[in-house]
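Chemist: task: produce atomic coordinates for the following.
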Amino acid sequence: MKKAKKVSRIAYSDDLNQAKYEALNEIAKRCGSIRTEVWHNYGSIGGLGAKFRPVRDGWIADKHVLILPQRIWRATLSDTLDDVKAYREAAKEKVVRHIFRNIDDKDKRKDLFKKLKNDSVWVNDSYLRRLMRKYWKHGKNHTFNQIVLESGSYKCFSHNGKNYIEVISLKRGKRIAIPIGSNYPITGQIRLILR
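Modeler: Numbers count the residues shown, from 1 in each chain. Take a look at the predicted model:
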């Protein structure tokens, strides 16, 4: 079975008023604080085993996040853990290059590459752990202008010939209607970037 390919399309908002922009900006800033916390707790070797579901379930159980609707912080948590993983995988690429440059023994190299693929294995190998510490510095969040929304957190509609995307807000039961200047269908996970 083939995996569905991700498609990125960009839709610009069309004439968004100041009050709506400020409401979205407040949500984005709060998402940024969630991102900062995730990077702080899971952005290094100490947070290696972090998986979305156990972290999410723990946060729900102890009512950890009260500053955002659950649908928004869950999407932010998932997105940030994906970023952390991508950052870790990029560090592994650097470790692979380091090993190629410094180890001539092909069998030793092959063994190290095999261990590096499994996070629960390389972390117990002192040489690989040292290299990962060198190339996988603790990441930091620099994103305070984005809101990630799952498909249930927004809906699209048209009114008087204009297209809108309506997103959940900080006020329960209230949504923010954003006018957009495109007419292709918007589906799946979306990312609002405020500029």
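Chemist: tell me who's in contact with residue 47.
Modeler: By CB atoms under 8 Å, 6 or more residues apart in numbering, the contact set of residue 47 is 41, 84. Where C-beta positions appear, they are placed from N, C-alpha and C, glycine not excepted.
Chemist: where's it relative to residue 135, distance?
Modeler: Applying CB to CB, to the nearest Å, the value for residue 47 to residue 135 is 16 Å.
Chemist: output the below-cut-off pLDDT ranges for this structure.
Modeler: Where the chain drops to pLDDT under 70, the residues are 1-9.
Chemist: ok, and the closest non-adjacent residue to residue 64?
Modeler: Leaving aside its chain neighbours, residue 64 sits nearest to residue 58 (7.3 Å; criterion: CB to CB, 6 or more residues apart in numbering).
Chemist: can you tell me the SS state at the one you found?
Modeler: Assigned state for residue 58: helix (three-state reduction, DSSP: H, G, I helix; E, B strand; the rest coil).
Chemist: residues near it, how many?
Modeler: Residues lying near residue 58 (other CB atoms under 10 Å) number 10.
Chemist: can you tell me the SS state at the residue nearest to residue 51 when sequence neighbours are not counted?
Modeler: Once flanking residues are discounted, residue 51 sits nearest to residue 81: 7.7 Å by CB to CB, 6+ apart. When classified by three-state DSSP, residue 81 comes out as helix.
Chemist: residue 81 reaches residue 38, doesn't it?
Modeler: Yes. In this structure, residue 81 is within contact of residue 38 by CB atoms under 8 Å, at 6.4 Å.
Chemist: please enumerate the strands of the protein.
Modeler: Remark: strands assigned in the chain by DSSP state E are 146-149, 154-159, 162-168, 175-180, 190-193.
Chemist: winner for burial among those strands?
Modeler: Among the strands of the chain, strand 146-149 has the highest mean neighbour count (mean count of other CB atoms under 10 Å), at a mean of 21.
Chemist: now what about that one, what contacts it?
Modeler: Contact with strand 146-149 is made by 24, 27-28, 31-32, 71-72, 75-76, 78-79, 167-168, 189-194, as judged by CB under 8 Å, 6+ apart.
Chemist: determine how far it lies from the middle of the whole chain.
Modeler: Remark: strand 146-149 is offset 9 Å from the chain centroid, using CA atoms, centre = their mean, to the nearest Å.
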